[in-house]
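**Q** 3D model of this:
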Amino acid sequence: MLSLGLLIHIEGIFHSYGAAGLVLASLSVGQAAAGPLTSRWMGVWRMRPVLILTSIVCAVGMTALALAPLPIPGFMAVALITGLSYPPIQPAVRTIYPKVVNSRQLTPLFSLDASAQEIIWVAGPVIVTFVATQISSTVGILLSVVFLVGGGAWFISSPELGRVRIPQSKRRFGVVLARPTVLLITIVGVLLVGCFAAIEAGVVSMFGEGSADAGIVLAIFALTSLVGGLAFGHRPIGPWALARRMTVILVGAVLAALAFEFWTVSGALALAGLMVAPALAVMFAVVSATVRFSDTAEAYGWVGTGQLLGAALGSAVAGFLIDAAGPSGGFLTATGLVALAVLIAVVFRRALPDLRGRDASPIPDTEPVPVQPS
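**A** Next comes the predicted model:
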């Protein structure tokens, strides 16, 4: 909701998708820079204090973006601060999962997680696009603040957050990124989420002015992802799983670049959406299976950083290409990014674990055991 509402808000003020892309890029870069660090803090100061502090600062920044009359550099600065304080809820959630279900349920749970996000992506674009275009883009962003504060408070108050303690990692900050699987998934996340951001910008530029069609098209995209996640996300994960699932997204992006009106764009994105949640489920599961429990939060923080850098890249490149070539610029950007993601997943597939017949639980943390001499 925030990214789409902010896109509409900034474009409405400055009448430039390029300017909106720069502000969104600042937001995403801030989130990317903070993600691994705030995720690691949760192992030092526990999850609740970190989530409470970041939620408060982020809510204040979002409110300023909605209400303050700023020039473009001012919006970029506030967006950067807002991103830097974005609460690390996703790393917290995915770190908790292995402690609340048994090992056989973990891979299906990651699939359910990716599918459940589609409920957010179905409702969010429709709500914020309707509010931003029919009422006010300011109200649209403030509504995002309500969801941040309300949803954050709900999660922070959950009992599991108090029962699960993330062990403090004994490794240096950033070492987990050297693991081939984490690095590969981070890079693929840059490209895949960049594709989604470019699609979003292309859809808004085609339908967003005074119409709810943009939200409806994005909701169709998300709804088919929900269907795909429930239908395919639980399937066994082998080294080729990620490349195969992203290839379907690539075909849909190509068709979207060739589409020209509501139904053709909707059909193309419906095809692409079928493999969005299943692809994300692969990414979550393979990271969990290849790192120690004490490093999972930081690992997911780095993956989140990659995804947010992708959002920055996709928004900025698509924004300028849309200004130059119209809505097709957004879809062409998406096509290029996901094509590169497929290529990387194919070339470096050996870095992905084969989870067929095994669970995705993290590697247990072990300590040296003192032995008394006999």
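**Q** Dead centre of the protein: give me the residue that sits there.
**A** residue 307 (5.4 Å; CA atoms, centre = their mean).
**Q** Run through the stretch 251-374 of the chain and note the low-pLDDT ranges.
**A** 359-374 (pLDDT under 70).
**Q** show me where it has helices.
**A** 262-273, 276-290, 296-325, 328-347 (DSSP state H, counting those that start in this stretch).
**Q** Counting neighbours, what do you get for the closest residue to residue 352 other than its chain neighbours?
**A** Nearest residue to residue 352, sequence neighbours excluded (CB to CB, 6 or more residues apart in numbering): residue 239, at 4.7 Å. Yep, even glycine has a C-beta here, placed from its N, CA and C like the rest. By the measure other CB atoms under 10 Å, the count of residues near residue 239 is 18.
**Q** what do you get for residue 275?
**A** 25.
**Q** Contacts only, for residue 264.
**A** The neighbours of residue 264, taking CB atoms under 8 Å, 6 or more residues apart in numbering as the test, are 255, 258.
**Q** Distance to residue 219 added to the helices of the stretch 251-374 of the chain, as CSV?
**A** Listed next are the helices of the stretch 251-374 of the chain as CSV, based on distance: least, CB to CB, whole Å:
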stretch, distance to residue 219
helix 262-273, 10
helix 276-290, 13
helix 296-325, 19
helix 328-347, 17
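**Q** Nearest to residue 65, out of the ones you listed?
**A** Evaluated over the helices of the stretch 251-374 of the chain, closeness to residue 65 peaks at helix 296-325, with 15.0 Å, by CB to CB.
**Q** Return the set of buried residues in that closest one.
**A** 296-322 (16 or more other CB atoms under 10 Å).
**Q** angle of the helix or strand harbouring residue 219 against helix 262-273?
**A** Assessed by DSSP states H and E, residue 219 sits inside helix 213-232. With axes from the mean of the first three to the mean of the last three CA atoms, to 10 degrees as the basis, helix 213-232 and helix 262-273 are set at 30 degrees to each other.
**Q** Next, count neighbours for residue 175.
**A** Neighbours of residue 175 (other CB under 10 Å): 12.
**Q** how close does it get to residue 292?
**A** The gap separating residue 175 from residue 292 is 11 Å, by CB to CB, to the nearest Å.
**Q** Then residue 281?
**A** 21 Å.
**Q** Neighbour count for the two, which is higher?
**A** A count of neighbours by other CB under 10 Å puts residue 281 above the other of residue 281 and residue 292, at 30 against 18.
**Q** number of nearby residues for the residue lying closest to residue 65 once chain neighbours are set aside?
**A** Using CB to CB, 6+ apart and skipping the chain neighbours, the partner closest in space to residue 65 is residue 78 (5.6 Å). When neighbours are defined as other CB under 10 Å, residue 78 has 22 of them.
**Q** Just the element for residue 78, please.
**A** helix 72-84.
**Q** shouldn't residue 286 be in contact with residue 349?
**A** No: using CB atoms under 8 Å, residue 286 is not in contact with residue 349, being 11.0 Å away.
**Q** Between these two, which contacts overlap?
**A** With CB under 8 Å, 6+ apart, residue 286 and residue 349 have common neighbours residue 242.
**Q** Quick check on the two: which one has the bigger neighbour count.
**A** residue 286 (25 against 15).
**Q** contacting residues around the more buried one?
**A** 181, 185, 237, 242, 352-353, 355, 360.
**Q** taking these one by one, which sit in strands?
**A** For these, not one is inside strands, with DSSP state E as the criterion.
**Q** what about residue 300, distance to residue 92?
**A** 9 Å.
**Q** overlap in contacts of these two?
**A** In contact with both residue 300 and residue 92: residue 39, using CB under 8 Å, 6+ apart.
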